[in-house]
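S.K.: with the input below, show me the fold.
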Amino acid sequence: MSIKENAAALGEIIKQDPTTQAYFAASEAYKNDAELKKLIFEYNVQQTALGEEYKKAERDQSVIDAIEKRASELYKGITESTVYLAFTKAQDDMNDLINMVNSEITMAIFGRVESECTHDCSTCHSNCGHNH
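M.R.: From the prediction side, this is the model:
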């Protein structure tokens, strides 16, 4: 098999991994959450309005304060949403999986270099030989 074929096969294996499946599910939930979409849309509108207010030669500080307050409330609502939190966790887990795969491929090509060990096992994805 060619490198390209092996990479495609590995991609199919990764696609079936529970981490990837959780990412796909969380991504779908995030994209389809009507309440979250509404919050994000309004947050973006508030950010645009704030930008427009800052462009004015004579700014109305009470308007700026009101927009900033609302934008802050919206941001909190977005970032504390269970759907948002699940999505960002799934993204982090997916990034960790991809980084681990890349690390393993790199180590298979170049070998394990002991001098690169930082003793921070998060950089080696538990494959450094330390007791975890």
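S.K.: when you work out contacts or count neighbours from here on, use the C-alpha atoms and nothing else.
M.R.: Will do.
S.K.: so where do the helices sit in the chain?
M.R.: Along the chain, the segments classed as helices by DSSP state H run 3-16, 18-32, 34-55, 61-79, 82-110.
S.K.: now render the ones you listed as CSV, adding mean neighbour count and mean pLDDT.
M.R.: Conversion of the helices of the chain to CSV gives the following (neighbours: other Cα atoms under 10 Å; pLDDT from 0 to 100):
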stretch, mean neighbour count, mean pLDDT
helix 3-16, 12, 96
helix 18-32, 17, 98
helix 34-55, 15, 96
helix 61-79, 15, 97
helix 82-110, 16, 95
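S.K.: quick one, phi/psi of residue 111?
M.R.: Main-chain dihedrals, residue 111, degrees, to the nearest 10: phi 80, psi 170.
S.K.: what's the neighbour count on it?
M.R.: One way to gauge burial is a neighbour count; for residue 111, by other Cα atoms under 10 Å, it gives 10.
S.K.: start the count at 34 instead of 1 going forward.
M.R.: With 34 as the first residue, the last one maps to residue 144.
S.K.: quick check: it vs residue 134, distance?
M.R.: Summarising the geometry, the distance separating residue 144 from residue 134, computed by Cα to Cα, to the nearest Å, is 14 Å.
S.K.: show me what contacts the residue lying closest to residue 56 once chain neighbours are set aside?
M.R.: The shortest distance from residue 56 to any residue other than its chain neighbours is 4.8 Å, reached at residue 123 (Cα to Cα, 6 or more residues apart in numbering). Contacts were defined as Cα atoms under 8 Å, 6 or more residues apart in numbering; by that measure residue 123 touches 52, 55, 56, 59.
S.K.: okay, those in a markdown table with distance to residue 94 next?
M.R.: Output for the contacts of residue 123, formatted as a markdown table (distance: Cα to Cα, whole Å):
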| residue | distance to residue 94 |
| --- | --- |
| 52 | 47 |
| 55 | 45 |
| 56 | 42 |
| 59 | 39 |
